[in-house]
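Asker: pasted the sequence and its predicted model underneath.
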Amino acid sequence: MTNSEIKVGYLISYDYDYIKNSLPLVYDEVDYIAIAVDINRKTWVGKSFEIPDTFFQWLKDFDKDNKIHLYEDDFCDLNLTPMQCETRERNMLSRFMGEGGWHVQIDTDEYFIDFKGFKNYVSRYMDYDIEQVLLVPFYTIFKEDNTGFFVVKDAEEYVPVAFNNPKFIRARYTECKRTHVVPSPILHQSWAKDEVQIRKKIENWGHKNDFDTEKYFQLWKFVDSYTYKRLKNLHPLAENAWKELEYIPTTNIVELIEILKKQDLEKRAETAVSQKIKGSDFFPPIYYRIKRVLKRKLNRR
């Protein structure tokens, strides 16, 4: 594996099934995929979960190019906090993935809207020999009802996803101070789950001890098509980070990804035309290809 190549690592637990949405979005563009799962089927707080054999058969059938490597180890240490367990597992996964290449670490319910664009941008503009952390815009699905999704989109929120020296100190954060935002969003199906799944999430995730999870759970339950426009500042940890919700009328996650991808490309194309900025400083190749197309159309008028 060369230093310019990209490896992808997943952490799976009770939310294993969401990888069926995430994996197809990256599979064709990478050469190596690692999936970490606790060998004793324990969460970071020591609760048991089950993954049926049918899921591993699905992985085997899906992996037509033999890219997927299953990594089973003991990731639950009850002497540590849930966040410390998460950080520990991410470091163990990184070592399992081996040196070299850009390490991308995402969760099963995180979906690259345009992974090919992300890959092209990284290979064209990022210098692997300079230690840095690559961040991407983070769109969060807050809730789902019978006709659509409530999405936090314009949050100015970014998450670290790619590393050339992956030594984590807290979750996906490292000590590296050099960061670069790659304009290729990730959609996070964080809270768009049923009540049982949300309850399980807040009882087992790394942020379990960071806020009043029961109070937040009740707020989440309160969101519906009537209340969502009135609710502001919904982020459980960062005040003013999630200022408001946007409603997108589709119940299909693949269709939602395509809608957001189209919106993102249109937004960046408009920005590239209306602002006289150097495209290579901000956009991957696809964005200023669109800029050239729009410019030609404008010149014909």
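Answerer: Ah, there it is. Residues are numbered from 1 along each chain as shown.
Asker: C-alpha from now on. contacts and neighbour counts both.
Answerer: Will do.
Asker: which residue ranges of the stretch 1-150 of the chain form helices?
Answerer: All helices of the stretch 1-150 of the chain, identified by DSSP state H, counting those that start in this stretch, fall at 19-26, 53-62, 82-97, 115-125.
Asker: and the second one, how far out from the chain middle?
Answerer: In this case it means helix 53-62. In terms of C-alpha atoms, centre = their mean, to the nearest Å, the centre of helix 53-62 is set 22 Å apart from its chain centre.
Asker: need the CA coordinates for it. PDB is fine.
Answerer: Coordinates of the C-alpha atoms in helix 53-62 are reproduced here as PDB (Å, rounded to 0.1, in the frame of the first residue of the first chain):
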ATOM      1  CA  ASP A  53     -24.600 -14.900  11.600                       C
ATOM      2  CA  THR A  54     -26.600 -13.700   8.700                       C
ATOM      3  CA  PHE A  55     -24.900 -10.300   9.000                       C
ATOM      4  CA  PHE A  56     -21.400 -11.800   8.600                       C
ATOM      5  CA  GLN A  57     -22.700 -13.800   5.700                       C
ATOM      6  CA  TRP A  58     -24.000 -10.500   4.100                       C
ATOM      7  CA  LEU A  59     -20.500  -9.100   4.600                       C
ATOM      8  CA  LYS A  60     -18.900 -12.100   2.900                       C
ATOM      9  CA  ASP A  61     -21.300 -11.900   0.000                       C
ATOM     10  CA  PHE A  62     -20.900  -8.200  -0.400                       C
END
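Asker: list the buried residues for that helix?
Answerer: Under the neighbour-count criterion of 16 or more other C-alpha atoms under 10 Å, helix 53-62 has L59 buried.
Asker: N91 contacts R170, correct?
Answerer: No. At 10.0 Å, N91 does not count as touching R170 under the criterion of C-alpha atoms under 8 Å.
Asker: quick revisit: highest mean neighbour count out of the helices of the stretch 1-150 of the chain?
Answerer: Across the helices of the stretch 1-150 of the chain, averaging neighbours per residue (mean count of other C-alpha atoms under 10 Å) puts helix 82-97 on top, at a mean of 21.
Asker: show me where the stretch 201-301 of the chain has its strands.
Answerer: Using DSSP state E, counting those that start in this stretch, the strands of the stretch 201-301 of the chain run over residues 246-248.
Asker: which stretches in it count as helices?
Answerer: Taking DSSP H, counting those that start in this stretch as the criterion, the stretch 201-301 of the chain contains helices spanning 213-222, 253-274, 279-282, 285-300.
Asker: burial count for the residue lying closest to I257 once chain neighbours are set aside?
Answerer: Among residues not flanking I257 along the chain, I113 sits closest, at 5.9 Å (C-alpha to C-alpha, 6 or more residues apart in numbering). The number of residues packed near I113 is 25, by other C-alpha atoms under 10 Å.
Asker: ok, I113 to E99 distance?
Answerer: Separation of I113 from E99 (C-alpha to C-alpha, to the nearest Å): 27 Å.
Asker: ok, now how distant is A155 from A241?
Answerer: 6 Å.
Asker: how far does stretch 184-192 stretch from one end to the other?
Answerer: Separation of the first and last residues of stretch 184-192 by C-alpha to C-alpha is 21 Å.
Asker: kindly report the same for stretch 157-173.
Answerer: Its first and final residues considered, stretch 157-173 spans 14 Å by C-alpha to C-alpha.
Asker: quick one: residues in contact with that stretch.
Answerer: Stretch 157-173 is contacted from outside by 83-84, 86-87, 90-91, 94, 100-106, 128, 131-139, 174-175, 181, 206, 241, using C-alpha atoms under 8 Å, 6 or more residues apart in numbering.
Asker: ok, back up a step: quick one, which of the helices of the stretch 1-150 of the chain gets closest to L234.
Answerer: Of all the helices of the stretch 1-150 of the chain, it is helix 82-97 that lies closest to L234, at 21.6 Å by C-alpha to C-alpha.
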